[in-house]
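*Asks:* Any chance you could fold what I've pasted below:
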Amino acid sequence: MATLLHAESGELRLTLRGTDENRILATVRRWSYWQGVDIERDPADAERCLAVTLIADRVHEAVVRDILRRSFGMTFLEEGGICDIGPAPLPKSRWSSRSSSRR
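*Replies:* A predicted model of the protein is given here:
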């Protein structure tokens, strides 16, 4: 489950946990909106990452929410909170692209 929080410092914090959310991280990690990142590691295994928190200024909140909604089916409450990621899109088959190009 992803968590979207408003920090008292005026930051927007998006926390991603679990392998299902790796596709979110792969999509948004290089955005210029992020001012920082916090990585939570497993105390028993420092190589294992438990969570990644991306930090942005609240000015970019509308853009972050829009991308999460459109790309991943995630709609957070106005005050933030927890939201499950939507299902992964089905891979496009080789045949479906051929049949649509013949029309």
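
*Asks:* Could you pull out the helices in the protein for me?
*Replies:* Using DSSP state H, the helices of the chain run over 22-28, 61-72, 94-101.

*Asks:* gap between the two ends of stretch 4-18?
*Replies:* Length of stretch 4-18, first residue to last, C-alpha to C-alpha, to the nearest Å: 15 Å.

*Asks:* tell me the contacts of the residue nearest in space to the middle of the chain?
*Replies:* Taking C-alpha atoms, centre = their mean, the centroid of the chain lies closest to Ile24, which sits 3.7 Å from it. Applying C-beta atoms under 8 Å, 6 or more residues apart in numbering to Ile24 gives the contacts Ala2, Leu16, Leu68, Ser71, Phe72, Ile85. C-beta: built from backbone N, CA, C; applies to glycine.

*Asks:* wait, which of those residues is closest to Glu47?
*Replies:* Here the nearest of the contacts of Ile24 to Glu47, counting by C-beta to C-beta, is Leu16; it sits at 17.9 Å.

*Asks:* The closest residue to Ser71 other than its chain neighbours: neighbouring residues, count only.
*Replies:* Excluding the flanking residues, the one nearest Ser71 by C-beta to C-beta, 6 or more residues apart in numbering is Thr27, at 6.4 Å. Close neighbours of Thr27, defined as other C-beta atoms under 10 Å, add up to 13.

*Asks:* Help me confirm that Thr27 comes into contact with Met74.
*Replies:* No: between Thr27 and Met74 there is no contact under C-beta atoms under 8 Å: 11.8 Å.

*Asks:* Strand partners (parallel or antiparallel) of the strand ranked longest in the chain?
*Replies:* Looking across the chain with DSSP state E, the single longest strand is strand 45-57. Taking DSSP bridges as the criterion, strand 45-57 forms sheet pairs with strand 11-17 (antiparallel), strand 34-42 (antiparallel).

*Asks:* Return the most buried member of those strands.
*Replies:* When the strands paired with strand 45-57 are scored by mean count of other C-beta atoms under 10 Å, the highest mean neighbour count falls to strand 11-17 (a mean of 19).

*Asks:* That one to helix 61-72, inter-axis angle?
*Replies:* 20 degrees (axes from the mean of the first three to the mean of the last three C-alpha atoms, to 10 degrees).
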